[in-house]
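Peer 1: structure for the following, please:
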Amino acid sequence: MRALPALALLLPLLAGCIGQPAGLTQVPFADLTAEGARVLDLPSGVREFLWNGTTRAVQGSMDPLGLTPAEVLPQLVKSTLQVDRRVGFVGLDVQVEGNRSLVSATLLDDSGRVQCFAARVWEGPSGLPGTCTTPVPANATSPKPWTLQVQQTGAEGGKAYEVRLALHPMAHERHGDPLAGVDRSITFRAVDTKYNDSALNLAPRRAEPNVGVLRDGSIFGQFGAQTLRSADRGATWQDVSPAWEYYEGTHDPMLRADPWTNTVYISHLLDPNGLAGLSWTLDAGQTWLHNRAVGLPNQDHQKMATGPSLVPGAPLPILYYSYAYFPLAPAGDEGAPVFVARSIDGGLTFTQGPVTGLTDGTQPGNTGPIEADRAGNVYIPLNMCQDHGSIAVAVSHDMGQGWKVVQAGEGPLNCSESLDPGLAVDMKGNVYVAWLDGEGVKFAASKDHGDTWAKPVKVSLPQLGAFAHVDAVAGDEGKLAIVYQGTPDTGKTASIADGWALWNTYVAYVSDAAGSPTVQTGMVNPPDDPVQRGCIWMWGGGNPCRNLLDFVDIQLQPDGRVVVVYADGCPQVCETPADSRLHQGIVGVQDEGPRLFAGKAPWA
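Peer 2: Residues are numbered from 1 along each chain as shown. Next up, the predicted model:
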């Protein structure tokens, strides 16, 4: 627990007796109150409200990520407080004895919307601190009643907790220039497909979109349960979703297009047992074939890649299907074994087995997209959680039959904040793995099919302080593009980013990526239309700012320009985090800028 400094406790009394001490800032909103709280006015002009107590012993266990319905959680504090526009932003901080994941705090505005949610995730020094911030909207010209709810999220009783709610002046906000270093000659059209899942009786869910391109330039996008196709570079879209009853309960959709054979694959995890369905089309979505069961039950985070068939000229590729298999995860471990199912007949039948090579017994915290080159090499990028985290790549030189795991980048790396790393292979066979850590977005290159890796190179813009979601694609030798999301408005990690932070989607174009790299950066979304305000939750579960979920995607058009898909949480004016809770599917089509092929793609 944090002890309150003696001087800070005396300041309100001193100010009342002898006036404001020299050099201290007068709190400009000293009339704002909170029920049941101790009040502390700080020299920085901040007014703090404090609540203390101890947790209660309860039966069973609960979920610190907010998955348990709020009505069954023991409520420790409920307080109404006042805020108005004199307050720049409100900050919440939850401290529990022993850094335990036992208490969460939720701040609701006067409309009942969640503006701020603070809960420690994982216990001990490696956990995510229980903090959040939110700006106060401009229309709060008079004091508005906001509500603080503090709830217990674990069964253990007798642990001391403290909740601090701080009212900050606007001058304490950090703001940066999102366009500094952006090459304005690189242009994109950010296209809203305007489709949702309502026709399938599903809630609209277009987070975690995927994109693929066929040899004629047709763009395919997967947005929730819907598969869309555009034949005019994103100007118009047609729904070509396979009509299959098994997909009506889908989650975790995945799409992969193979331009070499003009085949498009989609996969969905199916409730209730984590079974996976697979569909594919050889005629651009006019007809579909299906396979009901791919992989093992209770799988998650599936990815797909295609490679050349064992039979030259065959109409279908080899399909590689990777996934995390949680039933074999060690108890209490942060990772799960990775399995790969391989189909040499294009998706009709599969053989499968685990990715081996983790000789020290560690498991990846998450896997990025599996990739295969034209020579039978297959790669899976891995976030490793142990020993402060690192980036590794699972490498197979025999079409996915045997594996080894090679470290490609050292930590420190928060494997939950990094989520899916990206991986790409250029036409020369050079391999690139891209990831994000506390310093920014980086990539490492391998010239020997993943056996050894060069020193990592940072490609993100220097003014950005927080990062989320990364992926990569490669074209001609040394030509690499890395998509990522970032904000200059906070130095905190994505999951606890300050509530005023505005996020944008960037593409870093790297030339001579396997030699002496140089970088140009373009912004995908319009500068006046950021993709998110506030936090982007990366730890799973049901946090209010997990609307963008886990990843973005990037692929190449036949002429070497990129196409990007991402979820947009802030399609209109987003003044506060509660305004940024959507997940619209956006396709970013590059119009001008660097091209990753000198001419046409070899598959075009």
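Peer 1: contacts for stretch 212-221?
Peer 2: Stretch 212-221 is contacted from outside by 193, 209-211, 227-231, 233-234, 237, 240, 255-257, 259-260, 262, 264, 284-285, 555-558, 563, 565, 585, 587, 589, 601, 603-604, using CB atoms under 8 Å, 6 or more residues apart in numbering. Where C-beta positions appear, they are placed from N, C-alpha and C, glycine not excepted.
Peer 1: redo that, cut-off 6 Å
Peer 2: 211, 228-231, 255, 257, 259, 262, 264, 555, 557-558, 563, 565, 587, 603-604 (CB atoms under 6 Å, 6 or more residues apart in numbering).
Peer 1: now the terminal residues of it, how far apart.
Peer 2: Start-to-end span of stretch 212-221 (CA to CA, to the nearest Å) is 6 Å.
Peer 1: distance from the chain centre to that stretch, please.
Peer 2: What separates the centre of stretch 212-221 from the centre of its chain is 25 Å, taken as CA atoms, centre = their mean, to the nearest Å.
Peer 1: buried set for that stretch?
Peer 2: The neighbour-count check on stretch 212-221 (16 or more other CB atoms under 10 Å) flags Gly212, Val213, Leu214, Arg215, Gly217, Ser218, Ile219, Phe220, Gly221 as buried.
Peer 1: quick one: pLDDT of the fifth one?
Peer 2: Gly217 carries a pLDDT value of 97.
Peer 1: got it, and the second one?
Peer 2: The predicted local distance difference test score for Val213 is 98.
Peer 1: quick one: it from Gln95, how far?
Peer 2: 50 Å (CB to CB, to the nearest Å).
Peer 1: and if you look at the third one?
Peer 2: Using CB to CB, one obtains 54 Å as the distance from Leu214 to Gln95.
Peer 1: for the fifth one, same thing?
Peer 2: Distance check for Gly217 against Gln95: by CB to CB, it reads 55 Å.
Peer 1: would you mind listing where the chain has pLDDT under the threshold?
Peer 2: 1-25, 60-73, 124-126, 195-206, 245-250, 271-274, 329-335, 358-363, 387 (pLDDT under 70).
Peer 1: can you pull out the helices in it?
Peer 2: Listed in chain order, the helices of the chain (DSSP state H) span 6-18, 415-418.
Peer 1: quick one: Arg56 and Gly475, what's the gap?
Peer 2: In terms of CB to CB, Arg56 sits 59 Å off from Gly475.
Peer 1: of these two, which one has the most company?
Peer 2: Taking neighbours as other CB atoms under 10 Å, Arg56 and Gly475 compare with Gly475 leading, 22 against 14.
Peer 1: got the contact list for that one?
Peer 2: Residues near Gly475 by CB under 6 Å, 6+ apart: Leu556, Gly560, Leu596, Phe597.
Peer 1: distance to Ile496 and neighbour count added to those residues, as JSON lines?
Peer 2: Below are the contacts of Gly475 laid out as JSON lines (distance: CB to CB, whole Å; neighbours: other CB atoms under 10 Å):
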{"residue": "Leu556", "distance to Ile496": "35", "neighbour count": "24"}
{"residue": "Gly560", "distance to Ile496": "38", "neighbour count": "20"}
{"residue": "Leu596", "distance to Ile496": "35", "neighbour count": "25"}
{"residue": "Phe597", "distance to Ile496": "40", "neighbour count": "18"}
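Peer 1: centre of the chain to stretch 41-61, how far?
Peer 2: On CA atoms, centre = their mean, the centre of stretch 41-61 falls 29 Å from the chain's centre.
Peer 1: quick one: buried residues of it?
Peer 2: Asp41, Leu42, Gly45, Val46, Arg47, Glu48, Phe49, Leu50, Trp51, Thr55.
Peer 1: next step: those restricted to strands.
Peer 2: Asp41, Arg47, Glu48, Phe49, Leu50, Trp51 (DSSP state E).
Peer 1: now those in a markdown table, with distance to Pro527?
Peer 2: Listed next are those as a markdown table, based on distance: CB to CB, whole Å:
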| residue | distance to Pro527 |
| --- | --- |
| Asp41 | 38 |
| Arg47 | 35 |
| Glu48 | 36 |
| Phe49 | 37 |
| Leu50 | 40 |
| Trp51 | 41 |
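Peer 1: nearest to Ala514 among these?
Peer 2: Glu48 (52.7 Å; CB to CB).
Peer 1: tell me how far the nearest residue to that closest one once chain neighbours are set aside lies from Val264.
Peer 2: Distances taken as CB to CB, 6 or more residues apart in numbering put Leu40 closest to Glu48, at 4.4 Å, once the chain neighbours are dropped. Look at Leu40 and Val264: by CB to CB, they are 60 Å apart.
Peer 1: ok, Gly515 next?
Peer 2: 34 Å.
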